[in-house]
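Visitor: This is a predicted model, with the sequence first.
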Amino acid sequence: MRETVERLREEALAAVAAAARPEELEALRVRYLGRKGELTRILRGLGQVPPEERPALGALANRAREEVEAAVASRLQSLREEEAAKRLSAEAVDVTLPGVGWPVGQRHIVHQVRREIEEFFLHLGFSIAEGPEVELDYFNFEALNIPRGHPAREAQDTFFLTDELLLRTHTSPVQIRVMRSLSPRLPVRVICPGRVYRRDTPDPSHLPSFHQIEALAVDRGVTFGDLRGTLELFARTIFGPATRVRFRPSYFPFTEPSAEVDVSCMCGGKGCGVCGGAGWVEILGAGMVHPRVLEHGGYDPEEVSGYALGLGVERTAMLRHGIDDMRLFLQNDVRFLRQFA
Amino acid sequence: MRVPYGWLREFVEVPWDPQELADRLCLVGVKVEAVHRLDYPLERVVAGRVTAVAVHPAATGLRVVTLEVGAGSPRQVVSGAPGMAPGDLVAVALPGAMLPGGRKVEETAFRGVTSEGMICSATELAIGAHPVQGEGIVKLPTGSEPGRPIAELAQIGEATEWVLELELTVNYAMHCQSVEGVAREVAALLGIPWQPRRPQVIEQGESVETWAQVEITDAELCPRYVLRVFHDLVPGASPVWMQRRLHAAGLRPIGVVVDVTNYVMLEQGQPLHAFDYHRLADRRIVVRRARDGEELVTLDGVSRRLDSSMLVIADARVPVGLAGIMGGLDSEVTAATRVVALESAHFDPATLQRTSLRLGLRTEASQRFSRWVDPEGTARAADRAAELLVAVGAGRVAPGSIDVCPAPFRRRPVHLRPGRVASMLGVDLQPHEIADYLGRLGFQTAGTQDGYLVTVPSWRADVSTEADLAEEVARLHGYNAIRATLPRGVLSYGVRPARQQAVDRVVEILVGCGLSEIMTSAMFGPRAFDRLRLEPGDPCRRALRLANPLMEEQSLLRTTLLPGLLEVMSHNASHRQLDVGLFEAAVVFLPGRDPEDLDGYRLATTGGDLSPWVREELRLSLGMMGNRAPAHWRGGGRVADFFELKGVVEIAGERLGWPSWRFDPSDHPTFHPARQAWLLVEGEKVGVLGELHPDVQEAFGLERACAAELELARLLGRSRAEVAYRPLPRYPAVLRDISLLVEATVSADRVAEVIRRSAGALLDRVTLFDVYRGPGIPEGTRSLAYSLVYRACDRTLTDAEVDAVHLGVREALVRELGARLR
């Protein structure tokens, strides 16, 4: 009897190990462990075994039964895994095939840069003000200390609609409008972004219209040092933390003292096409608000002082991204636009 | 303005090399655009006298010139230069000479004739290589001994000269358009006292008063006029050293008298003019306004019609020069001139500027006079010209000068409070330091109770206020020496205007829909309207016109964004960029009241609202063509048609929460007559969208494309803060589909409306999932299939409940639309 159990056990285990399909396993399970299975039969037939042998033989048969059960289960598990693996591997794709594209949009690079500059000033506590593009001669020139016949009018070739109406040549007229609406409240901290117009024939560095951002700070005790501080922070934010700033005396009718501001070129002064080897590139004009302009804005220059600065958005974008032709901005070739996604 | 470094060093000891000088000048405000290098040939270039000139036997364009050049004479040289005659003194480069650019002169043969050297032009001598183009042979002054090295004649000490090219701002142009002006700045930088040099004039003959008379009739336009007379002139070329400097500074040598006047102008900034004395009727100079209609032929040979706003120099009868701008042709100094009247005057800058602009005539003189010329420098400049004339042996100087000064220059002192200047700059400067900086720049300071009374030097007309003086102090102190701080005081919070925030949201949505933002010109031309097929009376055609456009096609302020958008699509299509989706948020300019009836000053003082004349209206344009999704190996691109575009508008509408909006068929001439729609918000048209009319597509070189133009200001929608949360559904939905056949003329909107109304409150959502027209259904009808989602917010619906409502929907469709249910 003992031998029979042992034989059945070995037979069953070998058959289970050899089974290749779940159905075969099921058949084996029925054959050995089913209600009429061979091992089951032995356990049922324990009654015919002498009582003194019963416990030992029962234990043996039970162990064999459990062993075969476990073998069937484990074999079934591995057969299922094999099957799944085979099925999945048949579903293989070439992962190097390109993924499916989506139409991806983006803002125009000029507006991206404009917003970045705006964000810088918003964080410093400057609010955004807007003004009309068709402007009065008075706001564009007179109130900014550029009377008729002033040479600065010659330098900014202007599109006129009538004697009194023109396309603004800079965003500075918004300064006057803002001061007039705020006066006598302090402090004045605004930026005026917007489109401006110059009567220039388009070429790589000129367009008849481009964007400027003007910043104006008026308060008691605003200093030229504050202007320097603001611009140093600005340059590091927009052009990178290693950027240095250089001020040069210059001339604008609406500021005094006036400065042109250079930033260190990305070439690190080694010389490149952008800076022409000088190591510095001009980015903006700035200065202390001219006393007469403060007066036009409704503030007493004896009481308050202010600084103003104005920069070209296109120029900033060109410097930062190495764009060498301003006309690209208005051409809107999607191959250009998509580079700044 | 070009300043030769060597010339500058005659006036101030410069301790820096040219590049460093340039950098330092930049930092005090005298912007140096570039530093140029000029190399002079020194070896084996000598003076030569032309003894014979013959036409080359084989080439009529060439001359065979025989020259006396000292040792080794005569020499024969082949030259292409015209206008040489026996007796001319020229510069000859002998074989072995090295010319600029490393070119070596050798003995060669030109078509069979040997040439033993070459006759030099200004280019070859590097005295005119830049920037004057096309100059001829350099002629040497009388007395230049043949065979003498040119280096000696030109007094060239060093083989290299450096030239600083200045780009002056308006204020520096008032006092730095001269070698002395720049030298004065350098002296101030160095802290060296500046003293102008006093010319030593050797005078001979009759006193100037016996030669001429000067009268000024308009003291305002000409406050001062100085006249000297030069006689016994020896015509010819100026010395090579002078020519070299003129060339280096960018002027063309003409003849000794004119060269002397130009030399003084470059040196001192005072333009001079020499009149041929014998051409002056009655030996008189009258400075007066031109008479209306009076004419003058200027030196450039152009006849100019003058008017009484212009100032002229006249003789007893007619104008002989346009004051401060250009002389007259009749009184031009020529080789035959033996006596000249030399003018050194001060003119009103504004008048000259206006005249110069009116006549479109800019000269070296007008560029200086229209800025500022030191009114106290007139006599010294005339003296310097006299000194030079004698020194170069070009003639004699009549004793004395006529100096008419009807309006002596008055200096206006400026009050300066050192404490205020220091605090405005944010620097810690003591009063005496401020006074010292100003003193170095030629300002005189006198102490007062609370500061200084500052006298501005006569050459600094750009300085008239305390703020101007602050700039002078700052630039000498060094802008970059001022400590950087940040504004102090009350904290402020930066605010982006609500409108901009709203526009940004729209832009964000459109970018999310895969569209690229574009930026187009705000100007277009009348042809744009025709290309859009607009009727003659279309209100869009009423546009504001520029008085001075660059060109007709950029002469109007845009009243629609469509032409700009279509141009961009056209550009991309022509560059084979066919799958494109674009948008632009920008203003158009809508005219109102007649802008000619606008009193700018009054308007400015009463608030400055220009909108009654020009309304700047915010618009949104959208454009699509080609495939919406990029091409892919799995295929299946979506053609950018009407519904693709409409889908974008719908996404914007849903996300922005426009109040009751819909689309209606439209009849805009720019679009396909049967594939376009108005967008209506609360019953009002706020824009149009559609596929483009085939003619418009053709006009812009486009295949199938669609576009939209919307009034953005009315589509900004609610702000995010206004969005109220709706709870998520807690009870399950019941789904039912309906498929129906209706007349094709029944719009989908109408069907959806009937479904919604008849289903009532239990209908959660209705979605159109199929539209069919074609074989299998009767002509003139179409099949629509909807899926309806029913749901109650407070309970689980029973089938019976839904069946009842759904039956109502089916009946309503049959009853109201004559639908056949399928």
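Guide: On my side now, so go ahead.
Visitor: Check which helix or strand residue B:764 maps to.
Guide: strand B:763-772 (DSSP states H and E).
Visitor: distance of the residue of chain A most remote from its centre from residue A:56?
Guide: Largest separation from the mean C-alpha position in chain A: residue A:50, at 85.9 Å (CA atoms, centre = their mean). Computed as CB to CB, to the nearest Å, the residue A:50 to residue A:56 distance reads 11 Å. Every residue, glycine included, has its C-beta placed from N, CA and C.
Visitor: Please apply the same query to residue B:418.
Guide: 119 Å.
Visitor: These two: which is more packed in?
Guide: Ranked by neighbour count (other CB atoms under 10 Å in any protein chain shown), residue B:418 and residue A:56 place residue B:418 first, with 21 against 11.
Visitor: Quick one: the strands in chain A, in order.
Guide: Along chain A, counting by DSSP state E, strands occupy A:127-128, A:134-136, A:165-167, A:188-197, A:209-219, A:245-252, A:255-264, A:280-289, A:305-312.
Visitor: Please identify the most buried of these.
Guide: strand A:134-136 (a mean of 27; mean count of other CB atoms under 10 Å in any protein chain shown).
Visitor: Number of residues surrounding residue A:233?
Guide: 16.
Visitor: where's the closest residue to it other than its chain neighbours, which helix or strand?
Guide: Nearest non-adjacent residue to residue A:233, counting by CB to CB, 6 or more residues apart in numbering or on different chains: residue B:486, 7.3 Å away. For residue B:486, there is no host helix or strand (DSSP H and E).
Visitor: For the chain, which helix or strand comes out least confident on mean pLDDT?
Guide: Using chain A here. helix A:151-155 (a mean of 72; mean pLDDT, DSSP states H and E).
Visitor: think we crossed wires, I meant chain B
Guide: Sorting the helices and strands of chain B by mean pLDDT, DSSP H and E puts helix B:122-125 at the bottom, at a mean of 69.
Visitor: C-terminal to that one, what's the next element?
Guide: helix B:150-153.
Visitor: counting contacts, what elements does that next one pack onto?
Guide: strand B:45-55, helix B:240-248 (3 or more CB pairs under 8 Å, 6 or more residues apart in numbering or on different chains; DSSP states H and E).
Visitor: and the ones you listed, which one is worst for confidence?
Guide: Here the helices and strands packed on helix B:150-153 differ in mean pLDDT, and the lowest is helix B:240-248 at a mean of 86.
Visitor: what angle sits between that one and strand B:45-55?
Guide: Orientation of helix B:240-248 against strand B:45-55 (axes from the mean of the first three to the mean of the last three CA atoms, to 10 degrees) gives an angle of 80 degrees.
Visitor: Phi, psi for the nearest residue to residue B:531 once chain neighbours are set aside please.
Guide: Closest residue in space to residue B:531, ignoring its immediate chain neighbours: residue B:699 at 4.2 Å, by CB to CB, 6+ apart. For residue B:699, the backbone dihedrals (degrees, to the nearest 10) come out as phi -60, psi -30.
Visitor: Report pLDDT for residue B:699.
Guide: The model's pLDDT for residue B:699 equals 96.
Visitor: Please spell out which residues along stretch B:367-377 are buried.
Guide: Buried residues in stretch B:367-377, counted by 16 or more other CB atoms under 10 Å in any protein chain shown: B:367-375, B:377.
Visitor: and chain A, which of those residues reach it?
Guide: Filtering those for proximity to chain A (criterion: CB under 8 Å from any CB of the partner chain) leaves B:370-371.
Visitor: Done for today, thanks.
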